[in-house]
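Chemist: could you work out the structure for the sequence below:
(one chain, ligands or ions: 1)
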Amino acid sequence: MRKVCIQVDQRLGERLRVMLVERGLLDPEFPITKEANKLCFPLRYQLTSDELHALEQETMTLAQIELDLEAISRKPTDLKATLQGTLPDGLLDKIPHSLDIIGEIAVVELDTDLVPYEAHIGEAIMIINSRVSSVYAKEGGVSGVCRLRPLRLIAGQDQTYTIHTEYGVKLAIDVVHTYFSPRLGTEHDRVTRQVQAGEVIVDMFTGVGPFALLAAKRQSVQVFAIDVNPHAIQCLKKSLELNSLVGEVVPLVGDARAIIDEQLVHKANRVIMNLPNDAFSFLDAAVTALNPKGGIIHFYGVTCQSLPEEKLQSNVLNRLADLGWKAIVGYSRSVRPAAPHEEQIVLDLHVAPGITTSAT
Ligand SMILES: C[S@@+](CC[C@H](N)C(=O)[O-])C[C@H]1O[C@@H](n2cnc3c(N)ncnc32)[C@H](O)[C@@H]1O
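Modeler: Reported below is the predicted structural model:
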């Protein structure tokens, strides 16, 4: 059948594949094909020019084309098709379109009408994803200091610990006791691609350490990876062993501000602040960690109707000016939706000492 595909240079293929999976655009029922030095990824549907443009902004030139492709003959890959006949027809449309797969664990968000059928849905997810041995349903949002989400087992083994691979790095994760989202994979890749050999990095809210581990795997750097959650630091220590990176990353458990004040004053040329709901209140600690000559801060925040991106940017620049630092926004982008009408965004801030006139 004629199938709409997206074509990219082979060397950018893995990056595009991860982005398409994260956005639920890759159609797993058709094969990825190769022609000369180009890879063609089958799409679930024809992308709008906005969707195509958004992908292109992530640094690649793409072409949307049509190819004659045969569906891969294998066990069903479509959750809805697998559940046909098991669920009342009216409910099939409520089947989730996307789920997070973290190592051998799937995490799914279910509409309340689907709860009576959750065991069937969980089993179907395991049939489709042969590596998955546990399926959990989200029981609420991410909350609390450690940014944890309550989960309920709906199928398979009650095993919350797993090993997830991201860009070749093995990450030890406990999906109940630590924060991790595979939807941040593109951001872990984007930020760590900027890292140069010899850098000193402070990852203030490291979680299980995906930024820290990928930076250390890619370059010879020193990373101080802080988290207040002891389970997260325990997982990071395990990952350091799994990736033979012991000594390259210093895992530190405790409050980022206290640890910076005690051990990391003026150490870093790069600071990662991935705590979107509260990073603003830690800007003082971030600049304390920075080398007196300045450096780069990757700041994550949340925008909403009352706080659009321009306003958030000016708040951050003004706060830095108040702290005695001038900064420019070298890059910004929306990372992902945070909630209805809210976006998680990242600002790459180039920061140098010196007071500027506050931004308006
Ligand atoms: C959004 S998660 C970070 C995720 C991680 N950077 C990643 O990309 O997967 C935020 C993390 O900040 C940690 N945290 C919250 N407050 C903190 C604080 N005051 N000091 C250090 N870590 C903190 C939480 O435990 C959580 O693991």
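Chemist: from here on, just use CA atoms for contacts and neighbour counts.
Modeler: Will do.
Chemist: nearest spatial neighbour of Y117, skipping sequence neighbours?
Modeler: The shortest distance from Y117 to any non-neighbouring residue, by CA to CA, 6 or more residues apart in numbering, is to L87 (7.2 Å).
Chemist: what's the neighbour count on that neighbour?
Modeler: 17 (other CA atoms under 10 Å).
Chemist: likewise for G330?
Modeler: When counting by other CA under 10 Å, one arrives at 11 neighbours for G330.
Chemist: what about the residue most central in space within the chain, distance to S98?
Modeler: With distances taken as CA atoms, centre = their mean, L184 lies nearest the centre of the chain, 0.7 Å away. For L184, the distance to S98 equals 15 Å [CA to CA, to the nearest Å].
Chemist: what helix or strand is the residue nearest to the residue nearest to the centre of the chain when sequence neighbours are not counted on?
Modeler: Distances taken as CA to CA, 6+ apart put V335 closest to L184, at 7.7 Å, once the chain neighbours are dropped. Assigned by DSSP states H and E, V335 belongs to strand 325-339.
Chemist: contacts for the very next helix or strand once past that strand?
Modeler: Using DSSP H and E, the next helix or strand after strand 325-339 towards the C-terminus is strand 342-353. Contacting residues not belonging to strand 342-353 are listed as 276, 292-305, 313, 324-338 [CA atoms under 8 Å, 6 or more residues apart in numbering].
Chemist: out of the residues you listed, which end up buried?
Modeler: Taking 16 or more other CA atoms under 10 Å as the criterion, what is buried in those is 276, 292, 294-303, 313, 324-327, 329, 332, 334-335, 338.
Chemist: got the phi and psi for R193?
Modeler: When read as degrees, to the nearest 10, the backbone of R193 gives phi -70, psi -20.
Chemist: can you show me the helices along the stretch 101-250 of the chain?
Modeler: For the stretch 101-250 of the chain, the helices defined by DSSP state H, counting those that start in this stretch cover 118-128, 185-193, 210-218, 230-242.
Chemist: can you put these in a markdown table and add mean neighbour count, mean pLDDT and distance to the ligand?
Modeler: Compiled in a markdown table, these are given as follows (neighbours: other CA atoms under 10 Å; pLDDT from 0 to 100; distance: least, CA to the nearest ligand atom, whole Å):
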| stretch | mean neighbour count | mean pLDDT | distance to the ligand |
| --- | --- | --- | --- |
| helix 118-128 | 20 | 93 | 24 |
| helix 185-193 | 16 | 96 | 7 |
| helix 210-218 | 24 | 98 | 6 |
| helix 230-242 | 21 | 98 | 6 |
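Chemist: okay if I get the ones you listed as CSV plus distance to Y45?
Modeler: What follows is the helices of the stretch 101-250 of the chain, written out as CSV (distance: least, CA to CA, whole Å):
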stretch, distance to Y45
helix 118-128, 20
helix 185-193, 22
helix 210-218, 31
helix 230-242, 37
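Chemist: which of these sits closest to T33?
Modeler: Evaluated with CA to CA, these place helix 118-128 nearest to T33, the distance being 21.6 Å.
Chemist: identify the residue spatially nearest to the closest residue to the ligand within the stretch 1-150 of the chain, adjacent ones excluded.
Modeler: Among the residues of the stretch 1-150 of the chain, C146 lies closest to the ligand, at 3.3 Å counting by CA to the nearest ligand atom. What sits nearest to C146 in space, not counting adjacent residues and going by CA to CA, 6+ apart, is N229, at 6.0 Å.
Chemist: where's the one you found relative to the ligand, distance?
Modeler: Noted for N229: a distance of 5 Å to the ligand, by CA to the nearest ligand atom, to the nearest Å.
Chemist: got a list of what that residue touches?
Modeler: So N229 contacts C146, T178, G207, V253, G254 (CA under 8 Å, 6+ apart).
Chemist: want to throw these into TSV with pLDDT and neighbour count?
Modeler: Listed next are the contacts of N229 as TSV, based on pLDDT from 0 to 100; neighbours: other CA atoms under 10 Å:
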residue	pLDDT	neighbour count
C146	96	19
T178	98	23
G207	98	28
V253	98	18
G254	98	15
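Chemist: the strand holding V335 near the ligand anywhere?
Modeler: No - judged by CA under 6 Å from any ligand atom, strand 325-339 and the ligand are separated, with a smallest distance of 11.3 Å.
Chemist: Provide the strand pairings for that strand, with the direction of each partner.
Modeler: Strand 325-339 has the following strand partners under DSSP bridges: strand 342-353 (antiparallel).
Chemist: report the buried residues of the strand it pairs with.
Modeler: By neighbour count on 16+ other CA under 10 Å, the buried set for strand 342-353 is E342, E343, Q344, I345, V346, L347, D348, L349, H350, V351, A352, P353.
Chemist: and what of stretch 259-278?
Modeler: Neighbour counts over stretch 259-278 (16+ other CA under 10 Å) mark 259-260, 264-276 as buried.
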